[in-house]
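Trainee: got a predicted structure plus its sequence, pasted below:
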Amino acid sequence: MSALPTGPGRPPDGFFPEQQRWLEGFVSGAAAIRALPQQSGTPPEPTGPDSEADKARSRAAAGGKLSEQERWKAADNPLDAYPRLRREALAGAKPKPDDNFRWRYHGLFHVAPTQDSYMCRLRIANGILKHWQFAAIADAAEAHGGGYSHVTTRANLQIREISPQNGPALLETLVDIGVAARGSGADNIRNVTGSATAGIDPHELLDTRPHARAWQHHIFNCRAMFGLPRKFNVAFDGAGSIATLEDTNDIGFQAVEVLAGAPVEAGIWYRLTLGGITGHKDFARDTGLVVRPEEATRIADAIVRVFIAHGDRTNRNKARLKYLLDAWGFPKFLEEVETVLGERLTRLDPAFVAARPAYDRLAHIGVHRQRQAGLNWIGVALPAGRMTSGQMRTLARIAAEIGDGDIRLTVWQNLLISGVPDARVEEATGRILAAGLAVTASNLRAGLVACTGSRGCRFAAADTKGHALAIADYVEARLAVDEPVNIHLTGCHNSCAQHYIGDIGLIGARVPVGEEGDTVEGYHLHVGGGFGTDAAVARLLCENVRGEEVPQRVEALLRAWMSRRNASESFAAFARRLGPEVLKGLAEEVSMLREAAE
């Protein structure tokens, strides 16, 4: 600015017009700067759809070191990374660890070094697909993967052997047919399970399909639901014939009948259970709350938001809901949920709740009458949950031409074809048999559950699917098991096959052999597990059993049970009554007697 004039012609106020405008701009700018938030070393409060997770991450970072995965999420949100991940995949690039984690938000898991490819896990609310979707998934598995699929223990499908270049095409094909994969892995709410016979079961209390579907749509349309510190499972059980295993979930909604005389309206409600994670030896526990079915989504949302805000983001081993519940206790946690909801939840004395009906452990296999007169569901037995794309297309045609068009996946690694008329049951079963599948299974094979195992998972210490079939073949050739028995084989501590709930549960282990530090595939054996009204965590029987020896060990255990049990005593009850040490000795004795007889 030029110097003020001092001679004749100076303005009365001492400023020329251009000087006045400069001063006015200076004053206005200074005022604007004063209005800005002052920098005090505190970052601005996060805003937007990810703000709840961002705030929780900031609090955790202030009190300790964030886990590696939390740092990855902060650096590049997986939901925003898809365009870059897609470009790199199409170029044939293999993902680095952080991008492998991000891909899981979109449903793809790079499973190297076991397989130099991706696995894709889907999202199928209540496990139900239309026949044309099922056939299209078969085509996609053939075009972009290995030409087969596995049914999982969350009533879901996995497609394997997907090259990096084919990953985006597979995901986009799924979207085209109305099937999602988003959020099926990593720190997300996993596939929403519900009763496999929902709406068709003559014994059920409640049709879970609308509630599982509503919850899934809520997740998809609320980005905050993708901000969790760790994986999260939710299940709806309508108290039908086939167990949903809701007691192994973080949130379990159990259909119950509230009796007349209760302080709330009599009828069918959901009982709320929390904190199931059987891989960590904990079942979901009753909260003492009941929930109106139409309120399930709103209450689940509040529970998840409390978990987002307060779950551990520094220690991955303690980041599941169970550990927050252990640290706080149920009363404090539920009070926080009520704060989020802005209202009190409904508490009810268990005395006003009718006992839930027992499950039929064989209802997922074979022909069973529906609640609709003249119609049936047919449970198809799959070998360790595996089916080829050709078999899938055949099943889809049967569902379309003979059934009601639905394919219903179960948590027992098989599927149901529903709505089959009485007059066409024989035709449907004949076509299933012609496809190389079965509609009957032994008491042993019907309860056989196995994770992917070392053939397709880098964490697995043993070939669980191979050993599961070997157990069935060996035992069935030597012993007619006359009561249902569940045998669960899981490859690692993640316990995808839930070995702790099996009558006999096996977890993969590298078994030492020789003196050179060599190891072979094997297992630690557990006995006495259960679920539902018979829930119990299996106890360790013996460690480091070689894989090739497992069928003989299982046969000896079953033979000991069948020869020494009380009348109608289940294997689990027998194992719990004797205890692991006594049972182990008895099995060895029975095995030696049998060998001597031979």
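Mentor: Perfect, thanks for sending it.
Trainee: where does the chain have its least confident helix or strand?
Mentor: helix 17-35 (a mean of 46; mean pLDDT, DSSP states H and E).
Trainee: and Cys184, what does it touch?
Mentor: Heads up, residue 184 is Ser, not Cys. Counting by Cβ atoms under 8 Å, 6 or more residues apart in numbering, Ser184 makes contact with Arg104, Gly107, Arg121, Leu122, Arg123, Asn156, Arg190, Asn191. Where you see a C-beta, it was placed from the backbone N, CA and C, and this is true even at glycine.
Trainee: which of the residues you listed fall in strands?
Mentor: Arg121 (DSSP state E).
Trainee: so which of the contacts of Ser184 are in helices?
Mentor: Among those, DSSP state H puts Arg104 in helices.
Trainee: adding distance to Ala423, write the contacts of Ser184 out as a markdown table.
Mentor: Shown next, in a markdown table, are these (distance: Cβ to Cβ, whole Å):
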| residue | distance to Ala423 |
| --- | --- |
| Arg104 | 46 |
| Gly107 | 41 |
| Arg121 | 38 |
| Leu122 | 34 |
| Arg123 | 36 |
| Asn156 | 33 |
| Arg190 | 40 |
| Asn191 | 35 |
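Trainee: now render the contacts of Ser184 as JSON lines, adding pLDDT and neighbour count.
Mentor: JSON lines is the format used below for the contacts of Ser184 (pLDDT from 0 to 100; neighbours: other Cβ atoms under 10 Å):
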{"residue": "Arg104", "pLDDT": "98", "neighbour count": "23"}
{"residue": "Gly107", "pLDDT": "97", "neighbour count": "27"}
{"residue": "Arg121", "pLDDT": "97", "neighbour count": "22"}
{"residue": "Leu122", "pLDDT": "98", "neighbour count": "22"}
{"residue": "Arg123", "pLDDT": "97", "neighbour count": "23"}
{"residue": "Asn156", "pLDDT": "98", "neighbour count": "21"}
{"residue": "Arg190", "pLDDT": "97", "neighbour count": "22"}
{"residue": "Asn191", "pLDDT": "97", "neighbour count": "27"}
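Trainee: and the two most separated of the contacts of Ser184?
Mentor: Spanning the widest gap among the contacts of Ser184 are Arg104 and Asn156, at 14.2 Å by Cβ to Cβ.
Trainee: SS state for the nearest residue to Val475 once chain neighbours are set aside?
Mentor: Computed as Cβ to Cβ, 6 or more residues apart in numbering, the closest residue to Val475 that is not its neighbour in sequence is Glu555, at 4.8 Å. On the three-state scheme (DSSP: H, G, I helix; E, B strand; the rest coil), Glu555 is labelled helix.
Trainee: can you start the count at 46 instead of 1 from here on
Mentor: With the count now opening at 46, the last piece we talked about shows up as Glu600.
Trainee: could you measure from Glu600 over to Gln436?
Mentor: Note on Glu600: its distance to Gln436, by Cβ to Cβ, to the nearest Å, is 30 Å.
Trainee: compare the two (neighbour count), which wins?
Mentor: Glu600 (23 against 19; other Cβ atoms under 10 Å).
Trainee: now do the same for that one: its pLDDT.
Mentor: For Glu600, the model assigns a pLDDT of 96.
Trainee: contact partners for the residue nearest to Val520?
Mentor: Glu600 is in contact with Tyr519, Val520, Arg523, Leu524, counting by Cβ under 8 Å, 6+ apart.
Trainee: do Ala280 as well
Mentor: Applying Cβ under 8 Å, 6+ apart, the residues near Ala280 are Val237, Thr238, Gly239, Thr289, Leu290, Glu291, Thr293, Asn294, Ile296, Gly297, Phe298.
Trainee: the fourth one and Ser240 touch, don't they?
Mentor: Think Thr289. Yes: contact criterion Cβ atoms under 8 Å: Thr289 and Ser240 qualify, at 5.4 Å.
Trainee: can I assume Arg401 sits in a strand?
Mentor: No: assigned with three-state DSSP, Arg401 falls outside any strand and is coil.
Trainee: quick check: nearest residue in space to it, chain neighbours excluded?
Mentor: In space, and not counting its chain neighbours, Arg401 is closest to Ala284: 5.3 Å by Cβ to Cβ, 6+ apart.
Trainee: wait, that neighbour sits on His248?
Mentor: Yes: using Cβ under 8 Å, Ala284 is in contact with His248, at 7.5 Å.
Trainee: all helices of the stretch 496-643 of the chain, in order?
Mentor: Using DSSP state H, counting those that start in this stretch, the helices assigned to the stretch 496-643 of the chain run over residues 509-521, 595-609, 616-623, 625-642.
Trainee: re the thing from before, so how do I select the buried members of the contacts of Glu600 in PyMOL?
Mentor: Typed into PyMOL, the next command selects the buried ones out of those (criterion: 16 or more other Cβ atoms under 10 Å):
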select buried, resi 520+524
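Trainee: measure the residue nearest to Arg401 to Lys326 for me?
Mentor: As for Ala284, its distance to Lys326 is 25 Å (criterion: Cβ to Cβ).
Trainee: try Cys587
Mentor: For Cys587, the distance to Lys326 (Cβ to Cβ) stands at 18 Å.
Trainee: the more surrounded of these two?
Mentor: Legend: neighbour count by other Cβ under 10 Å for Cys587 and Lys326, higher for Cys587 (17 against 11).
Trainee: average pLDDT for stretch 498-517, rounded please.
Mentor: Per-residue scores along stretch 498-517 average to 94.
Trainee: with only the CA atoms kept, save that stretch in CSV.
Mentor: What follows is stretch 498-517, C-alpha atoms only, in CSV (Å, rounded to 0.1, in the frame of the first residue of the first chain):
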residue,chain,number,x,y,z
GLY,A,498,-8.7,-78.5,5.4
SER,A,499,-5.1,-78.4,4.1
ARG,A,500,-6.2,-79.0,0.5
GLY,A,501,-7.4,-75.4,0.4
CYS,A,502,-6.6,-73.5,3.5
ARG,A,503,-3.1,-72.4,4.6
PHE,A,504,-4.0,-72.5,8.3
ALA,A,505,-5.1,-76.1,8.3
ALA,A,506,-2.8,-78.7,9.7
ALA,A,507,-4.6,-81.7,8.2
ASP,A,508,-6.7,-82.8,5.3
THR,A,509,-10.0,-82.7,7.2
LYS,A,510,-12.3,-83.5,4.3
GLY,A,511,-10.2,-86.5,3.2
HIS,A,512,-9.9,-87.8,6.7
ALA,A,513,-13.7,-87.3,7.3
LEU,A,514,-14.5,-89.5,4.4
ALA,A,515,-11.9,-92.0,5.5
ILE,A,516,-13.5,-92.2,9.0
ALA,A,517,-16.9,-92.9,7.5
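Trainee: and it, how far out from the chain middle?
Mentor: For stretch 498-517, the separation from the chain centroid amounts to 19 Å (computed by Cα atoms, centre = their mean, to the nearest Å).
Trainee: buried residues of it, list them for me.
Mentor: So, applying 16+ other Cβ under 10 Å, buried residues of stretch 498-517: 498-499, 501-502, 504-517.
Trainee: just list whatever residues bridge to Thr238.
Mentor: Ala280 (DSSP bridges).
Trainee: count of residues packed around it?
Mentor: Using other Cβ under 10 Å, Thr238 is surrounded by 31 other residues.
Trainee: so who does it touch?
Mentor: The neighbours of Thr238, taking Cβ under 8 Å, 6+ apart as the test, are 171-172, 199-200, 257, 278-281, 289-291, 294, 456.
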